Each structure stands twice: as structure tokens, then as C-alpha cells.
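Colleague: below are the sequence and a predicted model; questions follow.
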Amino acid sequence: MTAIADTGMSGRTSLDGAVLGPSLDPVWGEGGGADPRLRVVGAALFALLVVALQHLPALLAALAMAGGAAVTVRLPLGATVRRLLAMDGFMVLALASLPFTVPGAPLAVGGMALPPLSAPGTWQALTILAKANAVMLMTLALVGALGPVRLGRTLARLGAPDKLVHLFLFTVRYLDVLNREYRRLRTAMRARGFVAGANRHTWRSIGWLFGMLMVRSLERSERIAAAMRCRGFTGRFPNLADDRPLSARDWGIGLAALAAMAALGLVDVLW
Amino acid sequence: MVSGPLFRLTGVSFAYDRGTPVLDAADFSLWPGDTVALTGPNGVGKTTLFHLMVGLLRPASGTVEAFGAVRRREKDFHAVRARAGLLFQDSDDQLFCPTVAEDVAFGPLNLGKSPAEARRIADATLDAVGLHGLAGRVTHTLSGGQKRLAALAAVLAMEPDVLLLDEPTNALDAETQERLTAILAGLPQAKVIISHDDAFLRRLATRWVRLDGGRLVEDG
């Protein structure tokens, strides 16, 4: 258990709920849980479906499904709400302007018409809000808890191009190194009295800072490549990924999810 | 086993830019059981010598003989790199996999070990350097000392016959330095150690070699 207590990423894996199975082995990314491929594919299909929905009952059902998934994997309430609100913040302007700009009959609430607000515009705004939050919530529940490393591996197993997956994983690995390099240089600049302002000296210095970061990154990438060659790398990554096929339980969960989504689509079409 | 030297460099010259040679007809041999302290001022070409030995750089002239054969082309050096483990100065250069365990397993997998075998080797090697609990950690969350030990484990997992250690104790706290020294002292491999820390070198070295003016000189 010490390995688990020590694992930086396992804080995320512990979010896996009972239905999706126990968390994966923190060392080798394997274990008894539902196949991560199911989560990624499921989230993608759900997003496609929800975007296509037309009617309010189906949308509310989709929101409820996403909420159910979030509860099942025990997403932390506070952090999740903050993330959803952050996304909604981006849409505020568009949503607020829709009721005023979409032509149509004025919105009536309890028999009283509210002339500047159009009914179709208000519906559109609410629809967009519901769709976006349902998709986001489901993505957080299914994909967010995977963590970047397992997400990368899962994408590879789903047939994403190797180069893209490696780019993704190398980014995860070296983002922090580059950021520290940036902060070190920046601190060194401050230590010599540099204060950013709107003048030529500032622009030139910042330009040199980023130029130096590029040079260092390039040199580092060469050193990393050299270190990889020293350990026998000849251009192909050995595959440590878990090649376990889908289990009967995985199939069960996958089919149940498909059935739920089909029902959702049916409700929307028949309404 | 090879009865001759593990490495024999003869008349090796190398320059990054013309006119300022780093190595100038340098000779160097490494024998089984040696622990060579490689010293010399900063920027004199000690790291360059390591890179020449494992074929990351090619000499302008002279020959690099390793494990009983002259090595010239990239392909010749694949076998050399499997048997001579190079520990880099900056462990961030060496650890590139998402997790420590995968990083340690990377070398064995490249050597054609099965995933199950590679895992077993990785776990055993991490145990040996005292990092067992960190196997699942994401490498960039490790401390500097843990990174160095993980990088050493990554090198040891390939079961090399020679260790080329480039400033292994650089920027380590006293405790980690002590741990590393103890681990290194217990390893049977022939070693070449670049370091500016004489106290550390005195505890391990059986031979002292100084790189100066492009030549390697036996030193006491």
C-alpha cells in the first residue's frame, strides 16, 4: 500500500467508483476496473448524441445521466461546480444576447409577455446551456478522472497515431521542466533588477528570455534523445501498454451505456 | 567475459569546432574491476569522452574499441550501449517516461525482454536502489535526489558491465549522496566517474585519470 500512498497520480484513480470498478494498479496502469477505452469512447459518443438532441425532456435526461455518472465516480462537488461555472462563464455573453437577438414571439411567463425577450431565443440559450453542461459533466466524470498519462495510453490503444500520443505524453512529462526553467530565468532577471514595463528594454529582454527557452528546450530534447539511445532506443517504442481485451464485465457496462444512450435518442425523436 | 580491456580508445581526437580540439590523440583503457576517477577542469571534455565511448559522438580520428571489438558505425554501438550504462548529469534528461517504473523498464524492453520480465527487472532494480515505493510516481514529481536514484536504476536495469557516471553526486544533499555512494560501492561493474568531489572519489576510485589539454594522464 505504500506504493499507492506515494503515488502522485493515484489521487485521481481513487475517484473510480464502485460501478466502474476498483482503481487501476498505480504502477502499471492495470487492474480490475472498467477498461479506460470504454470511458473515452463513451464520453465521445455521449457528446455527439447530446449535441444532436432537440427537445427539453431528452436534454434533462442527458443532464441527469451525466449527473449520475459524476455521482458514481464520486467527482468532488466543489471542484466540479467550479469547472462547470468556468466553462459557463465563457458562454455568458452569447447566452445573454440570444433572447434579445433571435427573432420570434415574445417570451411569456405565466401569461405575462416580456416583449424584449423572444421565446425561441430563450429556448436556444437554455438548450445550449444544458447541452454544454451535460457534455462537460460526463467528460469530467469519465475522462477527467483518468489522468493525462492513462488518457495518453488509452488513446494509443484506441488507435490514435503514435506520434500524437508521444507528443502528448512528452508534453505531460516536460511541461513542468520547461516551466521551472522559465521561472528560474525569470527569477534571475528579477534578481538583477528587471521590472517588466511597456518599453523597448522589456520587450527585448522578454524576447531573449523566450529565445533562450527555445534554445534550451532544443538542447534538452537532444540530450533526451541521446539518453534514450543509450538505453537501446532505435526509433520504436516498446509497448508496455496493457493489451488486456475487454472483459465480459466491460462488455456489460459498455452495452448498458449504449442502451441508455439509445433510449435517450429515442425519447428525443419520439417526443 | 572479455579478457582484454572493456574499453580501449587509441589516438582519439574530437573537436566541436575546428581549431579548438577537445580531445587530441587521447588514449584510454578501462579494465574489469577498475573504478576510474576522471577529473579535469569544467568544459575540458570529460562528458565528451563518455559520449565518444558509447557512440553518441564519433571521433574525427582514432579508434574506439569496446568489449573486444572496434566500433565505428551507429549499429556497432547498439551493443556497446547495452553493456555500458551512461548516467547523465541532469536526470531530467534521462527520465522521460510518465512513471518511474516505466522508465526503468524502458531499457530492458529495448533489449528485447518481455513486458513481464521487464516489470520484474524494474521492480527488483527499484528495490535495489531503495525506491520501491516510488514505482508508480510520475517522474516530474520526484525530488532531485529521487530522480538521480531513479535514473541510476534505469541504467542498472540494463545489467551493464560498465558504468559511466557523469557527476553522479552533483547537487545532491549529504544523505542522498551517502546513499548513492553506498550503492555504487556495492556494484561490481567497472566504473568511470566524472566528479569534482574529491572526498567522494577517494572512497571509490582505484585509478585517477586527468583530462587536460586534450590528453588523458594517469594521475597518482
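Modeller: Looks like it came in fine.
Colleague: let me see the contact set for residue 131.
Modeller: Assuming you mean chain A. Shown in contact with A:Lys131 (CB atoms under 8 Å, 6 or more residues apart in numbering or on different chains): A:Val50, A:Val51, A:Leu53, A:Leu59, A:Ala62. Using the backbone N, CA and C atoms, a C-beta is placed for each residue, glycine as well.
Colleague: looking at chain B here, not the other one
Modeller: With CB under 8 Å, 6+ apart, B:Leu131 has these contacts: B:Val100, B:Gln146, B:Leu149, B:Ala150, B:Ala153.
Colleague: re earlier: which of the contacts of A:Lys131 has the most neighbours?
Modeller: Among the contacts of A:Lys131, A:Ala62 has the most neighbours (other CB atoms under 10 Å in any protein chain shown), with 27 neighbours.
Colleague: can you verify my assumption that that one contacts A:Val50?
Modeller: Yes - using CB atoms under 8 Å, A:Ala62 makes contact with A:Val50 at a distance of 4.9 Å.
Colleague: out of the contacts of A:Lys131, list just those in helices.
Modeller: Per DSSP state H, helices hold the following members of the contacts of A:Lys131: A:Val50, A:Val51, A:Leu59, A:Ala62.
Colleague: possible to save the contacts of B:Leu131 as JSON lines with secondary structure?
Modeller: Shown next, in JSON lines, are these (DSSP: H, G, I helix; E, B strand; the rest coil):
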{"residue": "B:Val100", "secondary structure": "helix"}
{"residue": "B:Gln146", "secondary structure": "helix"}
{"residue": "B:Leu149", "secondary structure": "helix"}
{"residue": "B:Ala150", "secondary structure": "helix"}
{"residue": "B:Ala153", "secondary structure": "helix"}
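Colleague: quick check, the helix or strand hosting B:Val104 touching chain A?
Modeller: Assigned by DSSP states H and E, B:Val104 belongs to helix B:100-110. Yes - for helix B:100-110, a contact with chain A is found by CB under 8 Å from any CB of the partner chain, at B:Ala101, B:Glu102, B:Ala105, B:Phe106, B:Gly107, B:Leu109, B:Asn110.
Colleague: give me the nearest residue to residue 119, chain neighbours excluded.
Modeller: As the question left the chain open, I've gone with chain A. Leaving aside its sequence neighbours, A:Ala119 sits nearest to A:Leu107 (CB to CB, 6 or more residues apart in numbering or on different chains; 4.6 Å).
Colleague: nope, chain B please
Modeller: Among residues not flanking B:Arg119 along the chain, B:Ala105 sits closest, at 6.1 Å (CB to CB, 6+ apart).
Colleague: show me what contacts the one you found?
Modeller: A:Leu240, B:Pro115, B:Ala118, B:Arg119, B:Ile121, B:Ala122, B:Ala157.
Colleague: can you list the strands that the top strand by length along chain A pairs with?
Modeller: Counting residues, the longest strand found in chain A (DSSP state E) is strand A:112-118. Paired strands of strand A:112-118, with direction, are strand A:106-109 (antiparallel) (DSSP bridges).
Colleague: buried residues in the partner strand?
Modeller: A:Leu107 (16 or more other CB atoms under 10 Å in any protein chain shown).
Colleague: how many residues are close by B:Ser143?
Modeller: B:Ser143: 12 surrounding residues under other CB under 10 Å.
Colleague: which phi and psi does it have?
Modeller: Dihedral pair for B:Ser143: phi -80, psi 170, per degrees, to the nearest 10.
Colleague: for residue 160, give me the pLDDT.
Modeller: Using chain A. Note on A:Ala160: pLDDT of 86.
Colleague: oops, chain B please
Modeller: At B:Pro160, the pLDDT value in this model is 93.
Colleague: let's verify it: helix, strand, or coil?
Modeller: coil.
Colleague: residue contacts, it?
Modeller: Taking CB under 8 Å, 6+ apart, we find B:Pro160 in contact with B:Ala82, B:Arg83, B:Ala84, B:Gly85, B:Gln189.
Colleague: for stretch B:119-139, list the C-alpha coordinates in CSV.
Modeller: The C-alpha coordinates for stretch B:119-139 follow below in CSV (Å, rounded to 0.1, in the frame of the first residue of the first chain):
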residue,chain,number,x,y,z
ARG,B,119,8.5,-5.4,-15.0
ARG,B,120,10.2,-7.9,-12.8
ILE,B,121,13.6,-6.3,-13.5
ALA,B,122,12.2,-2.8,-13.0
ASP,B,123,10.7,-3.7,-9.6
ALA,B,124,13.9,-5.6,-8.5
THR,B,125,16.1,-2.7,-9.6
LEU,B,126,14.0,-0.1,-7.8
ASP,B,127,14.1,-2.2,-4.7
ALA,B,128,17.9,-2.4,-5.0
VAL,B,129,18.3,1.4,-5.0
GLY,B,130,15.7,1.8,-2.3
LEU,B,131,12.9,3.4,-4.4
HIS,B,132,10.4,0.7,-4.3
GLY,B,133,7.6,2.9,-3.0
LEU,B,134,8.1,5.3,-5.9
ALA,B,135,7.5,2.9,-8.8
GLY,B,136,4.2,4.5,-9.7
ARG,B,137,5.2,8.1,-9.3
VAL,B,138,5.1,10.5,-12.2
THR,B,139,8.8,11.3,-12.7
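Colleague: mind listing what's buried in it?
Modeller: For stretch B:119-139, a neighbour-count test (16+ other CB under 10 Å) marks B:119, B:121-123, B:125-126, B:128-129, B:131, B:133-139 as buried.
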